[in-house]
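Engineer: Just a sequence and a predicted model for now, questions to come.
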Amino acid sequence: MLTTSTGQVSTFGDVKFHGSVPRKALFARVVGVAVTPGGDGYWVVDAEGGVFSFGNARFLGSLPGRRANVSDVVGMASTARGDGYWLVAANGAVFCFGKAQLFGSLRGAGVDDIVAIAATGDAKGYYLAGSDGRVYSFGDAHYQGGANSSVLKARVVSITVNWLTGGYWLAGASGSVFSFDTATFPIPAISGGIVGLATSCSGNGYYLARGDGEVFSGGDANVYRRGAISQIVAISSP
């Protein structure tokens, strides 16, 4: 599924559509999305940490409800059972809701370029990715390296975990994919503008989303027919 900065949700394949964020309820731009196991629901998060739930996704709290003064949330990840989720801010602060546990954060570490969070398959750890290609691991997340700055042609925009092998991939805005996994998949040439990366349901492929709604795939990831969409900010799969 894809979501725009204004909260419009578009679903494809087995992920069912359960609604988009009402414009009147949105006070900041949308920055991330996470799908529940099985694809019967999803959460959408905005830059202030406001969480919107749809389908069987349970609302478990948000940052405005905690009276947290945060305006730079950049992403979210859900637990394997869909009974909790994490939010991450650009400074590496991690916020937990439901049964999602805190395994550490970068708050106070002088970091200000975190762009994404990805949970491990058993939800006992997570990775944070910086725009400079650095990867930070917490809990049972196994650090396997980051993008080499000498070959990084554009900022890193996303990280996703291959739950099948435990490895992970980083995506650059240029369309480059950096593999820290036993599996690598070729993708078509991309002219840039990438905003998100998601693992296929099988773990044997991935999707790359561009800001104009175009989706590229590698491995066994199937690209479904898309309409004209703009201002895409995130992509997710069950």
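Structural biologist: That came through, no problem.
Engineer: ok, the nearest residue to residue 93 once chain neighbours are set aside - contacts?
Structural biologist: The shortest distance from residue 93 to any non-neighbouring residue, by C-beta to C-beta, 6 or more residues apart in numbering, is to residue 107 (4.1 Å). All C-beta atoms are positioned from the backbone trio N, CA, C, and that covers glycine. Residue 107 is in contact with 91-94, counting by C-beta atoms under 8 Å, 6 or more residues apart in numbering.
Engineer: how about the helices of the chain, start to end?
Structural biologist: Taking DSSP state H as the criterion, the chain carries no helices.
Engineer: Tell me the confidence at the nearest residue to residue 41 once chain neighbours are set aside?
Structural biologist: Residue nearest to residue 41 in three dimensions, not counting chain neighbours: residue 55, with 2.9 Å by C-beta to C-beta, 6+ apart. We have a pLDDT of 96 for residue 55.
Engineer: was I right about residue 55 contacting residue 42?
Structural biologist: Yes. At 6.4 Å, residue 55 counts as touching residue 42 under the criterion of C-beta atoms under 8 Å.
Engineer: so where's this structure shaky on pLDDT?
Structural biologist: Scanning the chain for pLDDT under 70 picks out 150, 224-230.
Engineer: residues of stretch 129-142 that come out buried?
Structural biologist: The neighbour-count check on stretch 129-142 (16 or more other C-beta atoms under 10 Å) flags 129-131, 133-139, 141 as buried.
Engineer: Please produce CSV containing those residues, extended by distance to residue 147.
Structural biologist: Output for these, formatted as CSV (distance: C-beta to C-beta, whole Å):
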residue, distance to residue 147
129, 9
130, 9
131, 10
133, 3
134, 8
135, 8
136, 13
137, 15
138, 19
139, 22
141, 17
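Engineer: ok now do residue 160, which residues does it touch?
Structural biologist: Shown in contact with residue 160 (C-beta under 8 Å, 6+ apart): 118, 168-169, 171, 197-199, 206.
Engineer: for it, which residues make a bridge with it?
Structural biologist: Beta bridges link residue 160 to residue 169 when assigned by DSSP bridges.
Engineer: And it, how close does it get to residue 136?
Structural biologist: 15 Å (C-beta to C-beta, to the nearest Å).
Engineer: For the nearest residue to residue 210 once chain neighbours are set aside, give its distance to residue 238.
Structural biologist: With sequence-adjacent residues excluded and distances taken as C-beta to C-beta, 6+ apart, residue 210 is closest to residue 193, at 4.6 Å. To residue 238, residue 193 is 25 Å away according to C-beta to C-beta.
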